[in-house]
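Trainee: 3D model of this:
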Amino acid sequence: MQDFIENVIERSIFASRWLLAPVYLVLSISLAFVAVKVVQEFLHFVPHVMENNLKELMLFLLHIVDLALVGNLILMIIFAGYENFVSKISVADSSEDKPNWMGKVDFSELKLKLIASIVAISGINLLESFMDIEHILAVGGTDQLFWMVLIHVVFIGSGVFLAIMDFVASKSHH
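Mentor: Numbering: from 1, shown residues only. I've put the predicted structure just below:
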């Protein structure tokens with residue numbers, strides 16, 4: 001009887017991984033929202049392309065790159081998270097479009113890719129702010145800029161710290 005109860009408990013615990021599936025499904029749907037925002041930004045920018053200066057063009061492009069990085073980050077989390085914690089995505093096995101990293105990113109690599117993406121997104125936001133520094137200074141946004149730089153440095157520090165931890169952990173396993 002004890003073996004039966006233990007088996008039921010273990011099967012239930014193992015099946016609980018499927019509770020994450022709706023999270024990854026919602027993240028998949030949220031990619032559509034990112035795509036809609038990119039199209040919306042593009043349609044808003046196009047009518048004014050001839051009157052905008054180079055700085056405004058650069059800010060627009062940085063914003064699109066920022067959204068692309070967010071989309072890539074979401075996709076990476078969906079693929080790696082689902083495959084690491086829920087189930088293998090077998091429909092991708094026969095696809096020639098399957099990313100070469102898919103199925104090979106473990107939790108440690110996912111953490112590092114996640115923090116690297118966050119640092120890149122933070123850096124782009126910081127660059128956008130510095131490109132519009134006159135406006136920020138004119139409205140007294142120096143505190144906001146200070147906090148953006150500080151948060152960016154914290155992200156970088158966190159990334160370095162995670163990389164060091166993973167390096168030390170990998171050396172201790174060998």
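Trainee: so which bits of the helix or strand where Asn125 lies are buried?
Mentor: Under the criterion of DSSP states H and E, Asn125 resides in helix 107-131. Within helix 107-131, the residues that count as buried by 16 or more other Cβ atoms under 10 Å are 110-111, 113-115, 117-122, 124-125, 128-129. In short, each C-beta sits where N, CA and C put it, glycine included.
Trainee: greatest separation within those: which pair is it?
Mentor: Leu110 and Ser129 (28.6 Å; Cβ to Cβ).
Trainee: how about the nearest residue to Gly81 once chain neighbours are set aside, what does it touch?
Mentor: Excluding the flanking residues, the one nearest Gly81 by Cβ to Cβ, 6 or more residues apart in numbering is Tyr24, at 6.2 Å. By Cβ atoms under 8 Å, 6 or more residues apart in numbering, the contact list for Tyr24 reads 78, 81-82, 86.
Trainee: tell me which of these fall in helices.
Mentor: Secondary structure from DSSP state H places 78, 81-82 of these in helices.
Trainee: centroid-nearest residue for the protein?
Mentor: Nearest residue to the geometric centre of the chain (Cα atoms, centre = their mean): Leu73, 2.6 Å.
Trainee: what helix or strand does that one sit in?
Mentor: helix 54-85.
Trainee: from the ones in helices among the contacts of Tyr24, pick the one nearest Glu134.
Mentor: Once Cβ to Cβ is applied, the member of the ones in helices among the contacts of Tyr24 that ends up nearest Glu134 is Ile78, at 39.4 Å.
Trainee: state the distance from that closest one to Asp97.
Mentor: With the distance defined as Cβ to Cβ, to the nearest Å, Ile78 ends up 15 Å from Asp97.
Trainee: who's more crowded, these two?
Mentor: Neighbours were counted for Ile78 and for Asp97 using other Cβ atoms under 10 Å; Ile78 has more, 19 against 5.
Trainee: give the contact list for that one.
Mentor: Counting by Cβ under 8 Å, 6+ apart, the residues that Ile78 touches are 24, 27-28.
Trainee: which ones among the residues you listed lie within helices?
Mentor: 24, 27-28.
Trainee: per-domain residue ranges of this structure.
Mentor: What automatic domain parsing lists as the domains of the chain is 1-92, 106-174.
Trainee: helices or strands up against the helix or strand containing Asp143?
Mentor: Using DSSP H and E, Asp143 falls within helix 142-172. Counting contacts by 3 or more Cβ pairs under 8 Å, 6 or more residues apart in numbering; DSSP states H and E, helix 142-172 is packed against helix 107-131, helix 133-138.
Trainee: make a markdown table out of these and add mean pLDDT.
Mentor: Shown next, in a markdown table, are these (pLDDT from 0 to 100):
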| stretch | mean pLDDT |
| --- | --- |
| helix 107-131 | 85 |
| helix 133-138 | 80 |
